[in-house]
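Novice: Following is a predicted model, sequence given first.
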Protein chains: 2
Amino acid sequence: MKDKNAEAKKIVNELLVDIFNRILIIEAEYMKKQNVKLSMNEIHVLEAIEKVEESSMSNIANKLHITVGSLTTAINTLYQKKYVVRDRDSEDRRKVIIKLTDLSYEVLKKHDLFHEQMIDSIFKELNVGEDKVLIESLRNLSSFFNR
Amino acid sequence: MKDKNAEAKKIVNELLVDIFNRILIIEAEYMKKQNVKLSMNEIHVLEAIEKVEESSMSNIANKLHITVGSLTTAINTLYQKKYVVRDRDSEDRRKVIIKLTDLSYEVLKKHDLFHEQMIDSIFKELNVGEDKVLIESLRNLSSFFNR
DNA sequence: TTCAAATATTTTGAATTTCAAAATATATAT
DNA sequence: ATATATATTTTGAAATTCAAAATATTTGAA
C-alpha cells in the first residue's frame, strides 16, 4: 500500500541526514573562529560535566555513551590543559568528582551562543503554536530511541 | 528583552542534542542485531557512494566531509571485505570510480529500513498539514549551516 | 571485626579513524 | 613539448575509542 506522506517523509529524512552530517563540522569551525583550542570531542566532555547531576567519572561517561576508561584519557588531557580539576568525593572516596575551571566556562559560553543562534534559526519563521508541532515531532523521534 | 519562546527553544535544543547523542549508538546496535559486520562509519561510506552522482573518490570524500586520503583507507578495507570494487573512468583515467557489490546493497537495505522506522515514528502523530511546519523548521536549520 | 564481593577508577595494549604533506599518475593548455 | 592542474595513494602521526587487567575503596555477611 502507498503511503500518502511518502514524499514528506523522504524530505524529512534527507534534511535530518544532512543536518546530522554537517552540524559537527560547522560547530567545530565556529568554535575555532572563536579562538577555542579544543576539539568538539573535548567540548562535549565539558558540556556533559556541566549538565550531569553529580559529575563523577561514571556519570559523565554514561552521559557521553563512552566507557569510563575512554573518559579517563579525555580528562587527563583536559586536566593538563587546565580545563578541569579532579576532586575525591569525601563521602565515598572511590569516586572522583570532576570540576570545571573558569577556562571551561568561557568555552561553554561560546558553545551555548552557537546553539542559541542555531535554535533561533529554526524559530525565526515559526508562527504561534507551531512550536508545539516541532516539539512533538522531536519527542517522538527521541522516544523512538528508547525501545 | 525577554524571549517569549524561551522555554520552547530550550526544549527543542535539548531534544536535538539528545537525538544527536543517541542516534549513532542506536543505529549501530540495530545494524549489529541485523548481523551487519560493518561499523557505522563504514556504512556511511557505502551510503555516500550510493547517493552521490558520480562515485569518484573526490566526490565521495566531499559528500562525507573527509579528506580523500582518509577515504582511501576506508575504501581499502571495504575492498578487502568485498563491499566495493574500484574502476578507472575510461574518459579520465585519473579518476577512480567506486562501485558497490551485492553485499553492500544488502547492508543498505537494512540501513534504509532503520531510517524508515525512525521517520515513521516522527510522523505517526502528525496531523494533516503539520508536516509542512516540520519541514520548514528543518530547512531553516539546514540553511543556517550554509552561511 | 574481618574478609569476600561489589563498585569506582585508572592503566595497558590495540584497533579505528582521521589529517597533512609527499609521491605518483594522468590530463590540459600554452 | 612541457609546465601546470587535477585525482588518487602513500606515509607518518595524532586523537579517540574499547576491552580487560590492575588498583583502591566500600559494603555486607559471617
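Specialist: Thanks, I have it. Just so we're clear, the structure is a prediction, and the values are computed from it rather than from any experiment.
Novice: going forward, measure contacts and count neighbours with C-alpha atoms only.
Specialist: Will do.
Novice: Now the residue nearest to the spatial centre of chain A: which helix or strand?
Specialist: By CA atoms, centre = their mean, chain A has its centre lying nearest to residue A:44, at 5.5 Å. Using DSSP states H and E, residue A:44 sits in helix A:40-51.
Novice: residues in contact with that helix?
Specialist: With contact meaning CA atoms under 8 Å, 6 or more residues apart in numbering or on different chains, helix A:40-51 is reached by A:24, A:27-28, A:55, A:60, A:63-64, A:74, A:78, A:98-100, A:104, A:107-108.
Novice: again, only this time at 7 Å
Specialist: Helix A:40-51 has contacts (CA atoms under 7 Å, 6 or more residues apart in numbering or on different chains) with A:28, A:55, A:60, A:63, A:64, A:104, A:108.
Novice: next one: phi and psi at the second one?
Specialist: With angles defined as degrees, to the nearest 10, residue A:55 sits at phi -90, psi 60.
Novice: That one: neighbouring residues, count only.
Specialist: The tally of other residues near residue A:55 (other CA atoms under 10 Å in any protein chain shown) stands at 19.
Novice: how far away is it from residue B:108?
Specialist: Separation of residue A:55 from residue B:108 (CA to CA, to the nearest Å): 39 Å.
Novice: returning to what we had before: now the residue nearest to the centre of chain A: how far from residue A:81?
Specialist: In this view, residue A:44 and residue A:81 are 16 Å apart by CA to CA.
Novice: And stretch A:49-62, what's buried?
Specialist: By 16 or more other CA atoms under 10 Å in any protein chain shown, the buried positions in stretch A:49-62 come out as A:49, A:50, A:55, A:56, A:57, A:58, A:59, A:60, A:61.
Novice: In contact with the fifth one: list those residues for me.
Specialist: Contacts here follow CA under 7 Å, 6+ apart; on that basis residue A:57 touches A:68, A:96, A:97.
Novice: what about the residue nearest to the second one when sequence neighbours are not counted, how many neighbours?
Specialist: The shortest distance from residue A:96 to any residue that is not its chain neighbour, by CA to CA, 6 or more residues apart in numbering or on different chains, is 4.7 Å, and that residue is residue A:88. The local packing of residue A:88 (other CA under 10 Å) involves 13 other residues.
Novice: okay but residue A:88 is in contact with residue A:99, surely?
Specialist: No: here residue A:88 lies out of contact with residue A:99, judged by CA atoms under 7 Å, at a distance of 10.6 Å.
Novice: any shared contact partners between the two?
Specialist: Listed contacts common to residue A:88 and residue A:99 are nil; contacts here mean CA under 7 Å, 6+ apart.
Novice: Would you mind writing the CA trace of stretch A:101-119 as CSV?
Specialist: Taking Å, rounded to 0.1, in the frame of the first residue of the first chain, the C-alpha atoms of stretch A:101-119 are listed here in CSV:
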residue,chain,number,x,y,z
THR,A,101,37.6,25.7,35.7
ASP,A,102,36.9,29.3,34.5
LEU,A,103,38.7,28.4,31.3
SER,A,104,36.0,25.9,30.6
TYR,A,105,33.1,28.2,31.4
GLU,A,106,34.5,30.6,28.8
VAL,A,107,34.4,27.9,26.2
LEU,A,108,30.9,26.7,27.2
LYS,A,109,29.6,30.3,26.9
LYS,A,110,30.7,30.4,23.3
HIS,A,111,29.3,26.9,22.7
ASP,A,112,25.9,28.0,24.2
LEU,A,113,25.8,31.0,21.9
PHE,A,114,26.2,28.8,18.9
HIS,A,115,23.3,26.6,20.0
GLU,A,116,21.2,29.7,20.6
GLN,A,117,21.8,31.0,17.1
MET,A,118,21.1,27.6,15.7
ILE,A,119,17.8,27.3,17.5
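Novice: which parts of that stretch are buried?
Specialist: A:104, A:107, A:108, A:110, A:111, A:114, A:118, A:119.
Novice: Same question for stretch A:89-97.
Specialist: A:96, A:97.
Novice: centre of the chain versus it, how much separation?
Specialist: 26 Å (CA atoms, centre = their mean, to the nearest Å).
Novice: Stretch A:69-82 too?
Specialist: Worked out by CA atoms, centre = their mean, stretch A:69-82 lies 18 Å from the chain centre.
Novice: likewise stretch A:56-65?
Specialist: Offset of stretch A:56-65 from its chain centre (CA atoms, centre = their mean): 13 Å.
Novice: okay, stretch A:17-37 in CSV with CA atoms only?
Specialist: Provided in CSV are the C-alpha atoms of stretch A:17-37 (Å, rounded to 0.1, in the frame of the first residue of the first chain):
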residue,chain,number,x,y,z
VAL,A,17,20.8,13.2,7.5
ASP,A,18,22.1,16.5,6.0
ILE,A,19,21.9,18.3,9.4
PHE,A,20,23.5,15.4,11.2
ASN,A,21,26.4,15.2,8.7
ARG,A,22,27.1,18.9,8.9
ILE,A,23,26.5,20.0,12.4
LEU,A,24,29.7,18.8,13.9
ILE,A,25,31.8,20.3,11.2
ILE,A,26,30.1,23.7,11.3
GLU,A,27,30.2,23.8,15.1
ALA,A,28,33.9,23.0,15.0
GLU,A,29,34.6,25.8,12.5
TYR,A,30,32.6,28.2,14.6
MET,A,31,34.5,27.3,17.8
LYS,A,32,37.8,27.6,16.0
LYS,A,33,36.8,31.1,14.8
GLN,A,34,36.1,32.0,18.4
ASN,A,35,39.7,31.0,19.3
VAL,A,36,38.7,27.9,21.2
LYS,A,37,41.6,25.5,21.1
